[in-house]
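Enquirer: Make a model of this:
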Amino acid sequence: MLLVIDVGNTNIVFGAYERDKLVYDWRISTDKEKTSDEYGLLFDQMFKYHGIDSNNVDDIIISSVVPTLMHTLPAMSKRYFGKDPIVIGPGVKTGMNIKYDNPKEVGADRIVNAVAAYEKYGGPVIIVDFGTAITFCFVNKEGEYLGGIITPGIKIASEALFLRTAKLPKVEIIKPDKVISKTTIGSIQSGLVYGFTGMVDSLIERMVKEMNHTMDEVKVVATGGFSTLIAGESKYIQYNDKYLTLEGLRIIYDRNSK
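Expert: Predicted coordinates for the structure are as follows:
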């Protein structure tokens, strides 16, 4: 069994693979203050709830965009699973040529997503990850990571409206009944859902144009917490892949274990 762990700014998503099949997956809140022991007990409880023996975990691979947890989770892996994990970073074989000016600046999650998207869907491909930030990544036909775009995420925008205005309420981020709403809550929901959909489609168009492609030539894959909400409204998102990051971790593990 392979345990894959993706640490984001808002959530930690992790899953258990048996060979190439994802058999369990979980999502918990990211807590930068938790110790390795606290995370270890949490993982242990979730494993026991699903009847999984932690001794069955043969290896662990971790990607993280939270520096404070880059020591915590590897320490947890060693103490509670007895495994020295692979941590995505310099020295790990991804099989992808990173064409960033400084490849070390690229977030581990973006590389993992790019590896999975190219492996599953081919290139050229654009990956849109709806996390705390929304990231856009472009991988060409040859499987080279060429760069991308980072924007604030939907939840950040929603919270900013609530915190930075005197009267606007915090709202549930869902698709409203109409674009033109007659309520404040509906108006905010419309702005968030359709505003971000418009932004996403516009940026995809610009990326495709800049790379001298047509929309028919480029695949567009979405992933992340709000991907389902926006993918259903987007003109260009063709695939909504909930497990893209976990799959990328499994692929990179395979490339480093052979």
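Enquirer: for the stretch 151-258 of the chain, what spans make up the strands?
Expert: Counting by DSSP state E, counting those that start in this stretch, the stretch 151-258 of the chain has strands at residues 219-224, 239-240.
Enquirer: Can you check which of those gets nearest to Asp101?
Expert: Each of these was scored for nearness to Asp101 using C-beta to C-beta, and the closest is strand 219-224 (24.4 Å). The C-beta positions use only the backbone N, C-alpha and C, and glycine is treated the same way.
Enquirer: so what secondary structure elements neighbour that closest one?
Expert: Identification of packing neighbours for strand 219-224 by 3 or more C-beta pairs under 8 Å, 6 or more residues apart in numbering; DSSP states H and E yields helix 108-121, strand 125-130, strand 239-240, helix 244-257.
Enquirer: angle of the first one against strand 219-224?
Expert: Which is helix 108-121. Angular relation of helix 108-121 and strand 219-224 on a 0 to 180 degree scale: 130 degrees, by axes from the mean of the first three to the mean of the last three C-alpha atoms, to 10 degrees.
Enquirer: Mind listing residues that contact helix 108-121?
Expert: For helix 108-121, the external contacting residues (C-beta atoms under 8 Å, 6 or more residues apart in numbering) are 6, 8, 63-65, 88-89, 94-96, 98, 125, 127, 129, 131, 135, 137, 139, 143, 145, 148, 219, 221, 223, 239, 241, 244-245, 247-249, 251-252.
Enquirer: Which ChimeraX command selects the buried ones in those residues?
Expert: A single ChimeraX command suffices to select whichever of the contacts of helix 108-121 are buried according to 16 or more other C-beta atoms under 10 Å:
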select :6,8,63,64,65,88,94,96,98,125,127,129,131,135,137,139,143,145,148,219,221,223,239,241,244,245,247,248,249,251,252
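Enquirer: rewinding a little: kindly reformat the strands of the stretch 151-258 of the chain as JSON lines containing mean pLDDT and distance to Gly15.
Expert: JSON lines is the format used below for the strands of the stretch 151-258 of the chain (pLDDT from 0 to 100; distance: least, C-beta to C-beta, whole Å):
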{"stretch": "strand 219-224", "mean pLDDT": "97", "distance to Gly15": "14"}
{"stretch": "strand 239-240", "mean pLDDT": "97", "distance to Gly15": "17"}
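Enquirer: Distance to Arg79 added to those, as JSON lines?
Expert: Formatted as JSON lines, the strands of the stretch 151-258 of the chain follow (distance: least, C-beta to C-beta, whole Å):
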{"stretch": "strand 219-224", "distance to Arg79": "30"}
{"stretch": "strand 239-240", "distance to Arg79": "37"}
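Enquirer: got the angle for the longest helix anywhere in the chain vs strand 219-224?
Expert: Secondary structure of the chain per DSSP state H: the longest helix is helix 184-210. Here helix 184-210 points in a direction 140 degrees away from that of strand 219-224 (the same axes, to 10 degrees).
Enquirer: Helix, strand, or coil at Leu146?
Expert: Using DSSP: H, G, I helix; E, B strand; the rest coil, the structure places Leu146 in strand.
Enquirer: and what of Glu33?
Expert: Applying three-state DSSP to Glu33 yields a three-state assignment of coil.
Enquirer: Check the one 5 residues further on too.
Expert: Following three-state DSSP, the label given to Glu38 is helix.
Enquirer: how much space between it and Asp44?
Expert: With distances taken as C-beta to C-beta, to the nearest Å, Glu38 is found 11 Å from Asp44.
Enquirer: OK, contacts around Arg164?
Expert: So Arg164 contacts nothing (C-beta under 8 Å, 6+ apart).
Enquirer: Please spell out which residues along the longest helix of the chain are buried.
Expert: Of the residues in helix 184-210, those buried (16+ other C-beta under 10 Å) are 186-193, 196-197, 200-201, 203-204, 207-208.
Enquirer: of all the helices and strands packed on strand 219-224, which lies closest to Val23?
Expert: When the helices and strands packed on strand 219-224 are compared by C-beta to C-beta, helix 244-257 sits nearest Val23, at 11.4 Å.
Enquirer: That's all I had, so thanks and see you.
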